[in-house]
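Chemist: model this:
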Amino acid sequence: MAERSEQRRVAFVVDSLESGGAERQLVLLADELKGTRWAPRVVRYRPDSFHPLPSGVEDLLLRRRAKVDPLMLAELARAIRRDRVDVVHSWKAFSGVYVGALGLGPRRAPQILHLHTGAAFLRRFPAYAKAYLASALLADHTVCVAHDALEWLVVQGVPRERVSFIPNFVERRLADAPPTQAAVRDALLARMGLDKGSEPPIVAIGRLESNKNVAGLVRAVGILRRQGMQTPPVLLVGRVTETEEVARCQSAAAALGVDLHIHGATHEITALLDAAGLVVQASHTEGMPMVVLEAMSRGALVVASATGEVPGLLQDGVTGLLVPQRHNETPDDALADAIRRALTLTPLEQAAMRAAARDDARTRFHPDVVREQWIALYDQLVGARRGPQLLREKPADALRLLARIRRA
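Modeler: Numbers count the residues shown, from 1 in each chain. Presented below is the predicted three-dimensional model:
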């Protein structure tokens, strides 16, 4: 391992470490960078902390007194200078705006914006689109986890040479862990409310909110029940961010006779994926969802909406089943059809799909491969020219790009 004095420093700036795919990927990348020539540290401004940082990774919690806080921005700037940070890597839309504002000063480290969503999300949520575009225009480089988001940025006026694609990756320990013992799986499902001996459930992992379309999943299973199909229990696991969506799930389950169970976010992802009969990602919008990647790496049977980079993850009928979208939404009937296809596969067909998914995920998205892409980008940016990207353009171009932010 390189001595601290020989290492370069990368600061991960994020709002919080609450449960979520972007936050999980941050923690995994920090762990993978340990022992390389890049020493990671985390700077955040909200105390939420579901994901624990790896040992040896420094964590700085700033105090944010208001949504727009110049004092916190000044504290962030001092921390970056004090620690002689070589690259600043922002992980979310609004943390990217804070980092971009730092770049308006004369002394700065190169800045990376990490865009974790797809183009459908940017079209669906204009406030986030404006924040991401502003951050991308101020950053030295933007990394996308979905190719359609990359193309959206280019259309909005971000130069193509300042945008690239780096995928998420599978956690090393999750991919390499042996199959979870049956007793451990049963105990986990029992803690989540499922009776011992019940059929392996349909599992959805992620925030319980309307954009994740968990109520649509319950309705889709209800459609199959109305058609006379016997369906497994449905288990929703994740942090509640919209109580209204939970109420919609419960109402639909009661009306349609769906055996529904809801549980909070968990760290027992490996056992949960191994216990699932089917993993469903029904979201209206996604970037490169960690749940799909991790489910594939465990050899789970996966049904997922064809949004963001999901079609680049799953090969329909080979490594999983894709749900076609209409108008940037996942229709209940299309979701029901895909779930029916999955549940009626023969045991041989299921085994082949599970094996293909596991091998594909562990090959294309292995941490050794993706970590080297990040190190190469950090190295490249260290020698980059300084100064805020937006103000490097001609004044007329800068005004044009600012107008694009307003229209995004």
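
Chemist: From Asp15, how far off is Lys67?
Modeler: Using C-beta to C-beta, to the nearest Å, Lys67 is found at 11 Å from Asp15. (Each C-beta comes from the backbone N, C-alpha and C, glycine too.)

Chemist: who's more crowded, these two?
Modeler: Asp15 (19 against 6; other C-beta atoms under 10 Å).

Chemist: Packing partners of the helix or strand harbouring Val99?
Modeler: Assigned by DSSP states H and E, Val99 belongs to helix 93-102. The contact analysis (3 or more C-beta pairs under 8 Å, 6 or more residues apart in numbering; DSSP states H and E) places helix 93-102 against strand 8-14, helix 70-82, strand 87-90, strand 111-115, helix 126-138.

Chemist: got JSON lines for these, with mean neighbour count and distance to Ala300 too?
Modeler: As requested, those are exported to JSON lines (neighbours: other C-beta atoms under 10 Å; distance: least, C-beta to C-beta, whole Å):
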{"stretch": "strand 8-14", "mean neighbour count": "23", "distance to Ala300": "28"}
{"stretch": "helix 70-82", "mean neighbour count": "15", "distance to Ala300": "40"}
{"stretch": "strand 87-90", "mean neighbour count": "28", "distance to Ala300": "30"}
{"stretch": "strand 111-115", "mean neighbour count": "28", "distance to Ala300": "26"}
{"stretch": "helix 126-138", "mean neighbour count": "22", "distance to Ala300": "30"}
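
Chemist: Gly320: which of the ones you listed is closest?
Modeler: Using C-beta to C-beta as the measure, strand 111-115 is the one of these that comes nearest Gly320, at 24.0 Å.

Chemist: roughly how far is the next helix or strand after the closest one from the heart of the chain?
Modeler: Going down the chain from strand 111-115, the next helix or strand is helix 119-124, by DSSP H and E. Relative to the centre of its chain, helix 119-124 is centred 15 Å away, using C-alpha atoms, centre = their mean, to the nearest Å.

Chemist: per-residue confidence averaged over helix 119-124?
Modeler: Across helix 119-124, pLDDT averages out at 94.

Chemist: Contacts for it, please.
Modeler: Helix 119-124 is touched from outside by 128-129, 132, 146, 148-149, 151-152, 211, 284-287, 307-308, 325, 328, 408, with contacts defined as C-beta atoms under 8 Å, 6 or more residues apart in numbering.

Chemist: what do you get if the cut-off is 10 Å, keeping everything else the same?
Modeler: Outside helix 119-124, the residues that touch it by C-beta atoms under 10 Å, 6 or more residues apart in numbering are 93, 115, 117-118, 128-133, 144, 146-153, 155-156, 211, 283-287, 305, 307-308, 325, 327-329, 408.

Chemist: Pull out the buried residues from those.
Modeler: 93, 115, 117-118, 128-133, 144, 146-150, 152-153, 156, 211, 283-287, 305, 307-308, 325, 329, 408 (16 or more other C-beta atoms under 10 Å).

Chemist: Gly21 versus Lys34, what's the distance?
Modeler: Applying C-beta to C-beta to Lys34 and Gly21 gives a distance of 21 Å.

Chemist: quick one, which of the two is more surrounded?
Modeler: Neighbour count, other C-beta under 10 Å: between Lys34 and Gly21, Gly21 has more, with 23 against 14.

Chemist: was I right about that one contacting Gly308?
Modeler: No - in this structure, Gly21 is not within contact of Gly308 by C-beta atoms under 10 Å, at 11.2 Å.

Chemist: Find the residues that touch each one of the two.
Modeler: Counting by C-beta under 10 Å, 6+ apart, the contacts common to Gly21 and Gly308 are His116, Thr117, Val145, Glu286, Gly287, Met288, Pro289, Val292.

Chemist: got a list of what Ala146 touches?
Modeler: 115-122, 152, 165, 167, 285-289, 307-312.

Chemist: Would you mind listing where the stretch 101-250 of the chain has pLDDT under the threshold?
Modeler: Scanning the stretch 101-250 of the chain for pLDDT under 70 picks out the ranges 103-107.

Chemist: all helices for it, in order.
Modeler: Assigned by DSSP state H, counting those that start in this stretch, the stretch 101-250 of the chain shows helices spanning 119-124, 126-138, 147-155, 172-176, 182-191, 214-226, 243-256.

Chemist: So for Thr363, which of those helices sits nearest?
Modeler: Closest to Thr363 of the helices of the stretch 101-250 of the chain, according to C-beta to C-beta: helix 172-176, at 10.4 Å.

Chemist: Which residues in the closest one does the neighbour count mark as buried?
Modeler: In helix 172-176, counting by 16+ other C-beta under 10 Å, buried: Ala175.

Chemist: Report all helices and strands that it contacts.
Modeler: Contacts defined by 3 or more C-beta pairs under 10 Å, 6 or more residues apart in numbering; DSSP states H and E place helix 172-176 against helix 21-33, helix 269-275, helix 290-297, helix 347-364, helix 367-382.

Chemist: related to what we said a few turns ago, with Gly216 as the reference, name the closest of the helices and strands packed on helix 93-102.
Modeler: Closest among these, using C-beta to C-beta: helix 126-138, at 21.1 Å.

Chemist: Dump the C-alpha coordinates for the closest one into PDB.
Modeler: Once non-C-alpha atoms are left out, helix 126-138 reads as follows in PDB (Å, rounded to 0.1, in the frame of the first residue of the first chain):
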ATOM      1  CA  PRO A 126     -37.400  19.500 -14.500                       C
ATOM      2  CA  ALA A 127     -35.900  20.900 -11.200                       C
ATOM      3  CA  TYR A 128     -33.400  18.000 -11.100                       C
ATOM      4  CA  ALA A 129     -32.700  18.400 -14.800                       C
ATOM      5  CA  LYS A 130     -31.800  22.100 -14.300                       C
ATOM      6  CA  ALA A 131     -29.500  21.200 -11.300                       C
ATOM      7  CA  TYR A 132     -27.700  18.400 -13.200                       C
ATOM      8  CA  LEU A 133     -27.300  20.600 -16.300                       C
ATOM      9  CA  ALA A 134     -25.900  23.500 -14.300                       C
ATOM     10  CA  SER A 135     -23.500  21.100 -12.500                       C
ATOM     11  CA  ALA A 136     -22.400  19.600 -15.700                       C
ATOM     12  CA  LEU A 137     -21.700  23.000 -17.300                       C
ATOM     13  CA  LEU A 138     -19.500  23.900 -14.300                       C
END
